[in-house]
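Trainee: Predicted structure and sequence below. I'll ask about it afterward.
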Amino acid sequence: MKSFYKLIVSMVLILSMLVGMTAFCAYAESEEGTYLYVGQDEIGSYGFRRAVQRALDEAHEYATADHPYTVTAAEGSYNLDSVLRVYSNTTLFLTNVTLKRSGAGAGNMLRVGSEDGVNSGVTGYVYENIRVIGGTFDGNFGENTIIKAFHTKNFTMEDVTVKNEKEGHMTEFAGVDGLTVRGCTFSDQRLTPGNYGYEAIQIDVLHPFHITNGRCEDLPVTNVLIENCYFENMPRAVGSHTAVHNRPHNYITIRNNTFKDMSSIAVQGMNWTNVDISRNVIENAPRGITVYSEPGGCTYLSGKLAQKGGTQSHASDSYQTPPKSNIKIYYNILKNIGSTADAYSWYSSQGIAVLGEKLDERSPVDSGDESGGLPAGDYYIDGASIHDNYIDVRGNGVRVEDARNVSVADNEIICSKNTVVGGEEYHGIKFRDNVSASAVSYNYIRNAETNGIHLDGGGGGKVNKVCFNRIEKSGKYGIGIYDMSLDKIEDNDILNTVNTGLFLADSRSDSLKWNRIRNCSKSGIWITSSSPGNSVIGSNTTVGCKENDSFGRNSADSHYSSGASLTDYYIPWDTKGKVGAEMGVGAIFHIVPDVRPTNALASFTFTSSNEDVAAVDASGMVYGVGEGRATITVKSNNGVTKKYVVTVKGSGGVKHLESTPAAPVLIRGDADGNGAVESIDVTLIRRRIAYIAVTYPDVTLMHGDVDEDGALTVIDVSNIQRYLSKLQTNVAIGGSY
């Protein structure tokens with residue numbers, strides 16, 4: 001693929017000469033492609049839609065992967081009375097163009113490809129290499145999806161604004177391999193309950209009930225990147241409400257986005273695998289993030305889609321063991337979740353949820369959209385990591401059902417009582433229905449409506465470690481465990497529960513020790529007589545509980561009824577010797593002190609030497625704010641102090657170190673972060689502008705934004721090239737900052 005950077009540079013130079021021409025459509029050729037400029041004269045003579053479509057039709061006829069076309073429209077505001085159609089190897093450049101949907105039809109505004117029938121037309125990922133750069137699509141509250149793409153490979157939207165939609169999706173994608181939505185804004189989507197156009201970005205299925213004028217096929221959406229976008233005032237921002245049996249949507253990354261004022265949910269996935277949801281901010285929503293397996297309803301059999309479309313089936317219609325899901329949800333900040341009810345259906349209120357489903361019999365077929373008919377079987381989710389999230393919720397903080405190989409760690413969950421979505425018990429962390437997990441550890445949970453941590457195996461669940469959690473002010477139990485097998489329940493701090501601190505019913509724990517429980521209204525620890533014998537139960541501390549000696553069948557003699565004075569502690573992760581961390585901007589991690597002696601009842605304060613680099617809250621959650629170095633100080637109530645040095649650089653994750661990290665040296669123009677400005681940095685930025693994969697993570701590319709306008713552009717390339725050529729620049733390329 002040719003470098004799109006060169007295309008843009010050539011286009012800018014050529015169009016600067018063409019804008020003043022009176023020709024209806026200005027042409028320019030280069031070895032990199034063809035540029036068509038649709039000017040004001042042609043738009044005035046033919047109308048915007050007809051004038052631009054003429055250029056897009058020419059691109060449709062002549063554009064190739066080696067010789068792409070770029071169609072640019074003159075700046076201005078225009079009415080769009082019919083759909084624009086874009087085809088392969090075409091870039092539609094609409095910077096400073098506003099389109100407002102008008103006319104009686106009020107149909108789609110932009111669509112990839114031609115009209116097909118349910119069982120006629122293209123199959124597979126046919127339309128390739130399509131980009132929409134800039135522009136505002138004002139749907140004018142028409143009742144059709146604004147932008148649609150299906151049967152497509154490599155579709156990109158960047159810096160596009162989509163607004164004012166009613167009763168439909170804002171954008172809809174089905175059968176797309178390579179979907180990038182970057183730096184876009186979505187706002188103001190209205191949906192009457194009973195309609196189906198929930199999502200601003202809908203990841204859909206090729207069935208005529210959902211995708212009209214497209215051929216029916218079991219083609220998944222795969223290789224999705226949605227980043228740096230803004231969503232406001234809509235039902236659901238990103239997600240699915242359909243799936244295909246044994247044919248998951250795959251490799252989905254949703255990162256660095258802001259979601260505000262949802263009336264249903266920010267992110268909802270159905271049958272997604274290899275999922276990365278990170279560094280998003282969600283404010284004001286009934287639910288935050290939920291990923292389902294294959295629900296009995298809303299899921300289509302591959303064979304049925306193939307039969308309807310006259311296409312090939314790519315998956316079995318029988319039950320098969322679920323594939324590895326590999327779902328990662330981390331570094332997200334969720335605020336004010338669950339203060340309103342979902343406007344479209346009854347859902348439990350929750351911050352983050354991963355939900356499998358077991359069908360005891362074949363699911364019924366929906367008479368409306370023909371989904372359903374899944375065979376009986378256990379549609380569990382295999383592999384999910386939920387870590388380092390901040391969740392402010394009225395409801396369940398984290399909910400996991402029917403899942404395997406799960407980890408829930410290092411989250412901060414602040415709960416409030418739910419007064420609008422009742423009818424169930426809400427918990428800080430809730431497991432149900434045969435969940436297996438490696439760890440529920442290092443979480444801070446406050447004010448859970450019922451239990452801080454609620455683990456209900458339904459007779460088959462297993463958790464390896466429930467350790468180093470701090471739980472305050474639960475409405476019932478600090479930790480409540482039912483029908484579960486556990487290896488370790490150790491080093492948890494539980495304070496001020498309305499009922500018992502740690503409760504086990506019909507459960508087994510191989511090691512229950514070193515837990516510190518204080519000021520509970522009833523027992524410190526209670527183990528029912530129906531729980532099997534446990535191998536190690538001892539050295540737990542209960543202080544200030546109404547019934548300090550209530551350890552069920554176990555003697556209180558092996559436990560502590562008073563706390564010792566704290567003499568030492570370390571900050572535990574994989575090893576005791578870790579004294580610092582490297583982290584990216586936007587990354588989060590949780591400091592949880594491990595106290596010595598184990599029955600010391602300590603409280604801690606956390607401070608940062610530089611909150612512009614790394615901020616820390618009252619529970620020990622550390623946030624990477626800006627590049628640089630800061631020291632986090634942890635001090636106990638009796639004066640024992642530890643320091644943890646943090647270096648923040650780029651946008652990577654968190655790495656805990658056994659030695660103090662050095663302060664980062666940030667070189668302006670050093671895109672690959674190797675400490676020098678070189679020609680490779682120019683190449684990396686060009687490739688990033690062209691949306692071509694680079695061998696380095698996105699992390700260090702921010703150092704290529706030398707003019708600090710918040711984006712990588714040809715201006716940055718020009719400045720670095722001038723520096724390498726020893727020419728004067730307006731910014732201090734090569735200097736540290």
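Mentor: That came through fine.
Trainee: Can you pull the poorly scored residue ranges out of the protein?
Mentor: Along the chain, the parts satisfying pLDDT under 70 run over 1-25, 31, 104-105, 534, 548-557, 573-576, 690-702, 737.
Trainee: Now for it: which strand has the highest residue count?
Mentor: strand 453-467 (DSSP state E).
Trainee: residues in contact with it?
Mentor: Strand 453-467 is touched from outside by 425, 427-443, 445, 469, 471, 477-492, 507, with contacts defined as Cβ atoms under 8 Å, 6 or more residues apart in numbering. Placement of C-beta: from N, CA and C, glycine included.
Trainee: which among the residues you listed end up buried?
Mentor: Applying 16 or more other Cβ atoms under 10 Å to the contacts of strand 453-467, the neighbour count classes 427-443, 445, 469, 471, 477-492, 507 as buried.
Trainee: returning to that earlier point: could you point out the helix or strand that follows the longest strand of the chain?
Mentor: strand 470-472 (DSSP states H and E).
Trainee: what sits up against that next one?
Mentor: The contact list for strand 470-472 (Cβ under 8 Å, 6+ apart) reads 428, 443-448, 452-453, 478-479, 492-497, 592, 619.
Trainee: repeat that with 6 Å
Mentor: 444-446, 452, 478, 493-496 (Cβ atoms under 6 Å, 6 or more residues apart in numbering).
Trainee: And stretch 577-588, by the same measure?
Mentor: 279, 331, 388, 623-624, 645-648, 650-658, 660-661.
Trainee: could you redo the last one with a cut-off of 8 Å?
Mentor: 256, 279, 330-331, 333, 388-390, 410, 571, 589, 614, 621-627, 643-661, 699.
Trainee: mind checking the SS state of the residue nearest to the spatial centre of the chain?
Mentor: For the chain, the residue nearest the mean C-alpha position is Ile277 (2.3 Å; Cα atoms, centre = their mean). At Ile277 the chain is in strand, as set by DSSP: H, G, I helix; E, B strand; the rest coil.
Trainee: and it, what is it in contact with?
Mentor: Residues near Ile277 by Cβ under 8 Å, 6+ apart: 253-255, 267, 289, 327-330, 332.
Trainee: Next, Gly303: secondary structure please.
Mentor: helix.
Trainee: Over to the closest residue to it other than its chain neighbours. Which of the three states is it?
Mentor: Of all residues not flanking Gly303 in the chain, Asp317 sits nearest, at 4.5 Å (Cβ to Cβ, 6 or more residues apart in numbering). The three-state label given to Asp317 by three-state DSSP is coil.
Trainee: just checking, Asp317 touches Leu301?
Mentor: Yes. Using Cβ atoms under 8 Å, Asp317 is in contact with Leu301, at 4.6 Å.
Trainee: Give the residues shared as contacts by these two.
Mentor: Listed as contacting both Asp317 and Leu301 by Cβ under 8 Å, 6+ apart are His245.
Trainee: Could you tell me which residues make contact with Trp272?
Mentor: Trp272 neighbours (Cβ under 8 Å, 6+ apart): 240, 248-250, 252, 291, 325, 327.
Trainee: Report the separation between it and His559.
Mentor: Using Cβ to Cβ, to the nearest Å, Trp272 is found at 45 Å from His559.
Trainee: Also Ala63?
Mentor: Ala63 is 76 Å from His559, where distance means Cβ to Cβ.
Trainee: Kindly report the same for Gly460.
Mentor: 30 Å.
Trainee: Looking at the two, which has the bigger crowd around it?
Mentor: Shown here are Gly460 and His559; by other Cβ atoms under 10 Å, His559 has more neighbours (22 against 13).
Trainee: which residue packs closest to the more buried one, ignoring adjacent ones?
Mentor: Per Cβ to Cβ, 6+ apart, closest to His559 is Asn540, 4.7 Å.
Trainee: of the contacts of stretch 577-588, buried ones?
Mentor: Here, 16+ other Cβ under 10 Å leaves 256, 279, 330-331, 333, 388-390, 410, 571, 589, 614, 621-625, 627, 644-654, 656-657, 661, 699 buried among the contacts of stretch 577-588.
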